[in-house]
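*Asks:* A predicted structure for the sequence below; I have some questions about it.
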Amino acid sequence: MRISAKVWIAASSGLTLLQIAASCLMPRGLALTAISDIVPTLQMLGLLAICLLNASANQGRLRWVWILLSCCWCFWLIDQCAWIVYDIVLQSTLPDLFLGDALLFLSGVPILAALMLRPHLDPSQQSVRLGIVDFLQLMLWWIFIYAYLVICWKYASVNLEAYNRNFEWAFIAEAAVSSVVLVLLWAQSKAEWRRFYAWFLGAVVFQCLSIVVADSALDAKTYYNGSWYDTPFSASFAIFMVVAIKGQGLMPRPETEEDRGFGSWTASLAVVAVLSLPVIIVFAVFDQSVPYVIGRFRVAVTAITILMLTVLVFLKQWRLHDQLRIANKTLEEASLTDPLTGIRNRRYFSATVEADVAQTLRGFAARQGASRDLVFYLIDMDNFKEVNDLYGHDAGDRLLVESARRIASAIRDSDEIVRWGGEEFLIVSRFTDRSHADALALRVMRAICEAPFHVDSSRVIARTCSVGWAAFPWLEDNVGAFGYEAVLNMADQALRQAKMGGKNQAIGAAPPGDGAQFQLCCRP
């Protein structure tokens, strides 16, 4: 443990020892009251400082965890400052229905929020987006419970006994929920994170017990400021200081499929929270054991919460729909893309060729000039098997990736390159004049042969390619006579002629009559 960390813990523990000494040695009076108020205030300031330092040292999700914990200690500080004003400045007791009581309960909400973020994990973006909505639903439901059980007895119909009883049970329930979540996180985590959660669990339970004991003494009229009941309360902040120090430098690990089960559990709880509200509002309407004004207040609070939760449910549904759309688009793109080269595959060609054919036929029907042909170029890398045999399949894969890049650089934006299979590529050239089709074939061959290929970090090899092409429609005066499949077959035959004729050349297929005529178009 670093020296500065030991100093922080020693300082907080020393304040607790000061509180113990004051409770044991000092008589009841203003000085003892001042010490019992100032000691936890200084401990809270120390906790706030450490949490803010931890927040500044982290980023992303982990930073928000420490910011939320800082909010917790801010709530405690505000409430503690109110105690100082009444105890030391005004020298009077706090009102029975003190507004600061809500801060004590609300201080547990940021703790729950921080824990629900599961700081030991680095989740996927999908989990983060959906988890935020679930988290907001649970936090809103928790605040609603406080308003339903406690606030109503303060503003709708004043009842000190009901207020104190419900507040204590709500506070204990909050600590219990935090403890359950901490146990689940402890079970999910390992090593340093597991020790962090263990200390955190001990701090939450110890502080809850110290407050319950002090409240019991307050009800029994045996509590006074600076009594020994304040020493466990002070000690709880020293334990929280250990928690904050142990959290320094901890880094989250990537989320796994098993970890996502916790997220599903959180989502299930959010659904239960939403479904519980109609039951609660029915109970509030027909509950005859409380005054009418309390029932009306609870119905109003429940209705407002239902409206707010409905907005969050709509937001979650919209996000799910958006993620489903993105996932479908990603899957569609993946199914139409060659995983090795990153260019389109034969499935993409099958899905789009009919539209290209229809557009070409419309151009012929409208007589839109010469640049209306659809030309298919089949490209085959010469002697590719030799590369695999001599240098290995990894080298062959690198050659194919680089070949695809070079071919793509030689064509127009309106053209499409497709991985046809093995070492073969297909270019679909739209809005082309067949009389100048050899120009693109020449550019492709030059792109392949003008620069050597790097098969590894130290060796380069020269490669060439052969090209065969044919234009659709096959017969310009009878565009419906042959389909695009027949034209593709003509391009394939032209490619075979180029391979048989010595490779490193382009040959085009043209109709001399009912058959096909192949002629050398160009060499690089």
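*Replies:* That came through, no problem.

*Asks:* gap between stretch 203-221 and the chain center?
*Replies:* 40 Å (C-alpha atoms, centre = their mean, to the nearest Å).

*Asks:* can you pull the buried residues of it?
*Replies:* Using 16 or more other C-beta atoms under 10 Å as the burial criterion, the residues of stretch 203-221 that qualify are 203, 204, 205, 206, 207, 208, 210, 211, 214, 215. Any C-beta I mention is one placed from the backbone N, CA and C, and that applies to glycine too.

*Asks:* and if you look at stretch 497-513?
*Replies:* Buried residues in stretch 497-513 (16+ other C-beta under 10 Å): 497, 498, 499, 504, 505, 506, 507, 508, 509, 510, 511.

*Asks:* which secondary element of this structure has the worst mean pLDDT?
*Replies:* strand 517-522 (a mean of 67; mean pLDDT, DSSP states H and E).

*Asks:* The buried residues of stretch 497-513 in strands, which ones?
*Replies:* 506, 507, 508, 509, 510 (DSSP state E).

*Asks:* close enough to count as contact, the second one and residue 493?
*Replies:* No - Residue 507 lies out of contact with residue 493 (C-beta atoms under 8 Å); the separation is 9.1 Å.

*Asks:* which stretches of the stretch 251-400 of the chain form helices?
*Replies:* 260-286, 292-335, 346-366, 384-391, 393-410 (DSSP state H, counting those that start in this stretch).

*Asks:* Could you save the ones in strands among the buried residues of stretch 497-513 as a markdown table and add columns showing pLDDT and distance to residue 348?
*Replies:* Shown next, in a markdown table, are these (pLDDT from 0 to 100; distance: C-beta to C-beta, whole Å):
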| residue | pLDDT | distance to residue 348 |
| --- | --- | --- |
| 506 | 94 | 24 |
| 507 | 94 | 26 |
| 508 | 92 | 24 |
| 509 | 91 | 24 |
| 510 | 85 | 28 |
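
*Asks:* Distance to residue 75 added to these, as CSV?
*Replies:* Shown next, in CSV, are those (distance: C-beta to C-beta, whole Å):
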residue, distance to residue 75
506, 77
507, 81
508, 80
509, 81
510, 84
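
*Asks:* Show me the protein divided up by domain.
*Replies:* 1-58+73-95+204-249, 121-188+260-333, 346-522 (automatic domain parsing).

*Asks:* circling back to that earlier point, quick one, which of the helices of the stretch 251-400 of the chain gets closest to residue 480.
*Replies:* Of all the helices of the stretch 251-400 of the chain, it is helix 346-366 that lies closest to residue 480, at 8.0 Å by C-beta to C-beta.

*Asks:* what sits up against the closest one?
*Replies:* 335-337, 372-374, 416, 418-421, 426, 428, 430-431, 472-473, 476, 479, 483-484 (C-beta atoms under 8 Å, 6 or more residues apart in numbering).

*Asks:* hmm, back to that, redo the buried residues of stretch 497-513 as TSV? Include distance to residue 136.
*Replies:* As requested, the buried residues of stretch 497-513 are exported to TSV (distance: C-beta to C-beta, whole Å):
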residue	distance to residue 136
497	68
498	65
499	65
504	65
505	67
506	63
507	66
508	65
509	65
510	68
511	68
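
*Asks:* hmm, which two among the residues you listed are most spread apart?
*Replies:* Largest pairwise distance in those, by C-beta to C-beta, is 26.0 Å, between 504 and 511.

*Asks:* ok, and what's touching stretch 471-483?
*Replies:* Contacts of stretch 471-483 (C-beta under 8 Å, 6+ apart): 357, 360-361, 364, 373-376, 432, 434, 437, 484, 486-487, 490, 511.

*Asks:* in stretch 407-424, what counts as buried?
*Replies:* Under the neighbour-count criterion of 16+ other C-beta under 10 Å, stretch 407-424 has 407, 408, 410, 411, 415, 416, 417, 418, 419, 420, 423, 424 buried.

*Asks:* can you give me the strands in this protein?
*Replies:* Under DSSP E, the chain gives strands at 121-122, 253-254, 373-381, 416-421, 424-432, 453-454, 460-461, 465-472, 506-510, 517-522.

*Asks:* among these, which is the most enclosed?
*Replies:* strand 465-472 (a mean of 28; mean count of other C-beta atoms under 10 Å).

*Asks:* where are the low-confidence patches of the stretch 301-450 of the chain?
*Replies:* 367-371 (pLDDT under 70).

*Asks:* hmm, back to that, dump the domains of the chain into a markdown table; add distance to residue 111 as well.
*Replies:* Formatted as a markdown table, these follow (distance: least, C-beta to C-beta, whole Å):
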| stretch | distance to residue 111 |
| --- | --- |
| domain 1-58+73-95+204-249 | 7 |
| domain 121-188+260-333 | 6 |
| domain 346-522 | 52 |
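
*Asks:* which one of those domains lies closest to residue 101?
*Replies:* domain 121-188+260-333 (6.0 Å).

*Asks:* Now do that closest one: distance from first to last residue.
*Replies:* Start and end residues of domain 121-188+260-333 are separated by 30 Å (C-alpha to C-alpha, to the nearest Å).
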